[in-house]
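In: coordinates only, no sequence provided:
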């Protein structure tokens, strides 16, 4: 499952990509990301919310994402 949010103008945020552990490393996560991107071809900025988790960050980098060094979050 992949969950993404967009304003339909300038940004697409991939919030979650969930693949069952026994099915990981089969290309399913990559396919889910590609489908999100294909559904919004005019969006130029795509952000992967990895919540700082090393595995998720490494996965996103293999797809061409680069790490942001700045950002703010409001936790409620």
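Out: Ah, there it is. All figures in this text were calculated on a predicted structure; none of them were measured in a lab.
In: tell me, how many residues neighbour the closest residue to residue 28 other than its chain neighbours?
Out: Nearest in space to residue 28, with sequence neighbours left out and distances taken as C-beta to C-beta, 6 or more residues apart in numbering, is residue 19 at 4.8 Å. C-betas here are computed from N, CA, C, even on glycine. By the measure other C-beta atoms under 10 Å, the count of residues near residue 19 is 18.
In: and residue 19, how far from residue 59?
Out: Going from residue 19 to residue 59 by C-beta to C-beta, to the nearest Å gives 10 Å.
In: which secondary structure elements does the longest helix along the chain sit against?
Out: Using DSSP state H to define each element, the chain has its longest helix at helix 28-39. Counting contacts by 3 or more C-beta pairs under 8 Å, 6 or more residues apart in numbering; DSSP states H and E, helix 28-39 is packed against strand 2-6, strand 11-17, strand 45-48.
In: swap in 6 Å and give it another go.
Out: strand 2-6, strand 11-17 (3 or more C-beta pairs under 6 Å, 6 or more residues apart in numbering; DSSP states H and E).
In: relative to residue 69, how far out is residue 33?
Out: Taken as C-beta to C-beta, the span from residue 33 to residue 69 is 22 Å.
In: what about these two, which has more around it?
Out: residue 33 (21 against 5).
In: nearest residue to the more buried one in space, please, no chain neighbours.
Out: Nearest non-adjacent residue to residue 33, counting by C-beta to C-beta, 6+ apart: residue 63, 5.7 Å away.
In: so how far is residue 2 from the one you found?
Out: 12 Å.
In: and for residue 27?
Out: Taking C-beta to C-beta, one finds residue 27 at 13 Å from residue 2.
In: which residues touch stretch 54-69?
Out: Applying C-beta atoms under 6 Å, 6 or more residues apart in numbering, the contact partners of stretch 54-69 are 33, 48, 50.
In: ok now it, how far from the chain's centre?
Out: 9 Å (C-alpha atoms, centre = their mean, to the nearest Å).
In: average pLDDT for it?
Out: The average pLDDT for stretch 54-69 rounds to 87.
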